[in-house]
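Q: requesting a structural model of the entry that follows:
(one chain, ligands or ions: 2)
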Amino acid sequence: MPRGNRRRVALQLFNTLSGKIEPLFASDGHALRFYCCGPTVYDYGHIGNFRTFLHVDVLRRAARLSGLALHHVMNITDVDDKIIRNAAAAGQSIGEYSARFERAFFEDMDALGIERPEEIARATQNIPAMASLIERLAAEGMAYKTEEGSWYFRINRFPGYGKLSKKDLAGMEDGARVDLDEYDKDAARDFALWKAARPEEIASQAAWDTALGPGRPGWHIECSAMAMKYLGDSIDLHAGGEDLMFPHHENEIAQSEAASHKPFARHWFHVRFLLVEGRKMAKSEGNFFTLRDLLLKGYRASAIRFLLLSVPYRHQINFTLDGLTESTNAVERLRTFNGRIRNQTWPDESPAKNSLLELIRKGDAGFTAALEDDLNTSEARAAVFDVLRAVNTAADQGNLSRLAAEQTLALLDKFDSIFAVLEDRDAEHTRAALAWAEAENRLSQVAPEVLERFGAGSLTDAEIDALVAERTRAKQQRNFARADAIRKELLEKGILLEDSRQGVRWKRT
Ligand code: AMP
Ligand code: ZN
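A: Ligands and ions are numbered 1, 2, ... in the order given. Below you'll find the predicted structure:
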């Protein structure tokens, strides 16, 4: 529990390490020192990967709403077996190869509205920190070098091994291979800290000369070394997907605590899987969608974000395209409602003013309480949707006052500081995905309606608005030929105009 000048916050979060729901706080009284395992940039991420980063994003946003400042570090694993293999196949250095997928990763993060952490730490730029942590472990008698030049962690000298995943070390017999590895070691469960360089790794610049001998870091040491370098020996919070709990996070704890003799991370946050037909979405299962796949099928980035956040992080979510369609409709309703309340003027008084204000206040309290209760995103969303339904009905019946409208908008803004779907940038993201598909020769993957609406020759919303305005001017000047020509041009591109007393409205068919 926080003491003294440590700031108390109301956000309660399940801690995998203690098995309990506990308050989240910054132990230095300033900022939450927070590390999240980032992607291995060997290919495009799938939306299962992004489910984890999306819930980490909600955690960031909710922590900020609770008054916490953040110092969030995320690593990029830009050296590993798959990167080395794929880079060699492409005739590139690992740097050239991984840069492309790192760029794609951040494009996808941006399209999904995921905030950037305060710091991005690339493995290849932090090799000295990793080598010196391994040297510290060697000095403690916790690391040893094998004949061919690799270094391993001696698990049986770390008594706390298994405390996060609650695995019984005695049950993990020697000879049981818990960590796939190709090198010699003393005990089967010992894991690699440093992998001796092979000739092809030197060729693809995937080896570093250090006091440990030429080689490259193991995956686990990367995260320990970078978390400690950027955030200190003891950090407030560590996050990742549920599959990382064992062995990755268990190994991080062992490495860090064996070197520093201090508790590594106080709070552990694990996001459960995104499933497809009951199975984990994974590259190896072949049951995955990337964000780009879905955008090119015509689904919107905002709907994907909203769907993946609809189930709280401690429950698995089953992904379906029907679910995505429902989510598209929910975002659409939200945006329509937001536009309606924001753009109209509402009377100062209404008969139902006080009861509506009370309902909005309750919705606001329910939203905050749900988030603070272990980030219950589904209840938080339901609390706000209840308010929106009541306000919409009041507006239909002429019962919405200006004050109630203002307070509804304040609640919507708070909602959107977490869910971030109100601003419509969907067309921009789909257009970017289409440009990518063109550049990568993947146009056969694009749904015809996406090509028609966003492909070459299609019109942006702003271009349509400009043509509609030009048509109105032409009509005012009695230039009916031009006005008709514009209507015809728009119709050919699937845009229907409706003349009404309020002016001209258009919609895509
Ligand atoms: P990777 O790039 O494979 O290391 O994965 C990046 C992140 O995505 C890790 O935190 C994984 O735990 C997480 N992850 C991988 N597959 C899934 C899935 N199906 N659902 C949720 N998170 C996942
Ligand atoms: Zn990690």
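Q: all contacts plus neighbour counts: C-alpha atoms, from now on.
A: Fine.
Q: Ser256 and Ile235 touch, don't they?
A: No. Using C-alpha atoms under 8 Å, Ser256 makes no contact with Ile235, being 10.9 Å away.
Q: so which of those two has more stuff around it?
A: Per other C-alpha atoms under 10 Å, whichever of Ser256 and Ile235 has more neighbours is Ser256, with 25 against 22.
Q: element containing that one, please.
A: helix 250-260 (DSSP states H and E).
Q: for the following helix or strand past that helix, name the packing helices and strands.
A: Once helix 250-260 ends, the next helix or strand along the chain (criterion: DSSP H and E) is strand 265-271. If contacts are counted by 3 or more C-alpha pairs under 8 Å, 6 or more residues apart in numbering; DSSP states H and E, strand 265-271 sits against strand 12-15, helix 47-65, strand 235-241.
Q: so which residues make contact with the longest helix along the chain?
A: Taking DSSP state H as the criterion, the chain has its longest helix at helix 321-343. Here helix 321-343 makes contact (C-alpha atoms under 8 Å, 6 or more residues apart in numbering) with 299-300, 302-304, 306-307, 388, 392, 405, 409, 412, 421-423.
Q: where does the closest residue to ligand 2 within the stretch 301-450 of the chain fall, phi/psi-wise?
A: When scored by C-alpha to the ion, the stretch 301-450 of the chain has Tyr313 as its residue closest to ligand 2, at 18.5 Å. When read as degrees, to the nearest 10, the backbone of Tyr313 gives phi -60, psi -20.
Q: cool, Pro217 as well?
A: phi -70, psi 150.
Q: tell me the secondary structure for the closest residue to it other than its chain neighbours?
A: Excluding the flanking residues, the one nearest Pro217 by C-alpha to C-alpha, 6 or more residues apart in numbering is Trp194, at 4.5 Å. Under DSSP: H, G, I helix; E, B strand; the rest coil, Trp194 falls in the strand class.
Q: burial of Trp194, as a residue count?
A: For Trp194, using other C-alpha under 10 Å, the count is 26.
Q: who are the neighbours in contact with it?
A: Ser150, Trp151, Tyr152, Leu212, Gly215, Arg216, Pro217, Gly218 are the contacts of Trp194 under C-alpha under 8 Å, 6+ apart.
Q: swap in Asn49?
A: For Asn49, the contacting residues are Gly241, by C-alpha under 8 Å, 6+ apart.
Q: ok so, going back, quick check: neighbours shared by Ser256 and Ile235?
A: Joint contacts of Ser256 and Ile235 (C-alpha under 8 Å, 6+ apart) are Met228, Phe264.
Q: leaving out chain neighbours, which residue sits closest to the residue of the stretch 251-400 of the chain found nearest ligand 2?
A: Residue nearest to ligand 2 within the stretch 251-400 of the chain: Glu252 (7.5 Å; C-alpha to the ion). Nearest residue to Glu252, sequence neighbours excluded (C-alpha to C-alpha, 6+ apart): Ser224, at 5.3 Å.
Q: what sits against the one you found?
A: For Ser224, the contact set (C-alpha under 8 Å, 6+ apart) comprises Glu252, Ile253, Gln255, Ser256.
Q: residue of this structure nearest ligand 2, please.
A: Closest contact between the chain and ligand 2, by C-alpha to the ion, is at Cys37 (4.0 Å).
Q: quick check: domain ranges of the chain?
A: Listed domain ranges for the chain are 3-14+31-271, 279-419, 459-508 (source: automatic domain parsing).
Q: of all those, which one is nearest His429?
A: Smallest distance to His429 across those (C-alpha to C-alpha): 6.0 Å, for domain 3-14+31-271.
Q: touching ligand 1 at all, that closest one?
A: Yes. Counting by C-alpha under 6 Å from any ligand atom, ligand 1 is contacted by domain 3-14+31-271 at 37-40, 48-49, 51-52, 240-244.
Q: and the residue lying closest to the residue of the stretch 301-450 of the chain closest to ligand 2 once chain neighbours are set aside, how far from Arg442?
A: Spatial nearest neighbour of Tyr313, excluding adjacent residues (C-alpha to C-alpha, 6+ apart): Val271 at 5.2 Å. From Val271 across to Arg442, the span is 32 Å (C-alpha to C-alpha, to the nearest Å).
Q: just flag the most distant two among the contacts of helix 321-343.
A: The span of the contacts of helix 321-343, defined through C-alpha to C-alpha, is set by Tyr299 and Ala405 at 31.2 Å.
Q: who touches stretch 226-238?
A: 25-27, 32-36, 71, 73, 75, 121, 123, 126, 129-130, 256, 260, 262-269.
Q: pull out the buried positions in it.
A: Buried positions in stretch 226-238, judged by neighbour count with 16 or more other C-alpha atoms under 10 Å: Met226, Ala227, Met228, Tyr230, Leu231, Asp233, Ser234, Ile235, Asp236, Leu237, His238.
Q: can you check stretch 211-228 too?
A: Here stretch 211-228 shows 212-228 as buried, counting by 16+ other C-alpha under 10 Å.
Q: what does stretch 93-111 give?
A: For stretch 93-111, by 16+ other C-alpha under 10 Å, it's Ser93, Ile94, Gly95, Tyr97, Ser98, Phe101, Glu102, Ala104, Phe105, Asp108, Met109, Ala111.
Q: so which of those residues is the closest to ligand 1?
A: Set against ligand 1, the nearest of the buried residues of stretch 93-111 by C-alpha to the nearest ligand atom is Phe105 (9.9 Å).
Q: phi, psi for that closest one please.
A: phi -60, psi -50.
Q: also Glu119?
A: Here is the backbone geometry of Glu119 (degrees, to the nearest 10): phi -140, psi 140.
Q: quick check: which element contains the residue nearest to it when sequence neighbours are not counted?
A: The shortest distance from Glu119 to any non-neighbouring residue, by C-alpha to C-alpha, 6+ apart, is to Val73 (4.7 Å). Using DSSP H and E, Val73 sits in strand 69-76.
Q: how far does the helix or strand following that strand sit from its chain's centre?
A: Where DSSP H and E defines the elements, the next helix or strand beyond strand 69-76 is helix 81-89. Distance, stretch centre to chain centre, for helix 81-89: 25 Å (C-alpha atoms, centre = their mean, to the nearest Å).
Q: make 272 the first number, not 1, from now on.
A: Shifting the count to begin at 272 puts that one at helix 352-360.
Q: just to be sure, Phe577 is in a helix?
A: Yes. Under three-state DSSP, Phe577 sits within a helix.
Q: so where's the chain shaky on pLDDT?
A: 272-280, 440-455 (pLDDT under 70).
Q: can you rerun that using 80?
A: 272-280, 439-457, 727-728, 771-773, 780 (pLDDT under 80).
Q: tell me which helix or strand Tyr423 sits in.
A: strand 422-424.
Q: can you pull out the helices in the stretch 622-771 of the chain?
A: With DSSP state H, counting those that start in this stretch as the criterion, the stretch 622-771 of the chain has helices at 624-643, 648-667, 673-690, 697-710, 719-725, 732-747, 751-763.
Q: ok, which of those comes nearest Leu566?
A: When the helices of the stretch 622-771 of the chain are ranked by proximity to Leu566, the top entry is helix 697-710, at 5.6 Å, counting by C-alpha to C-alpha.
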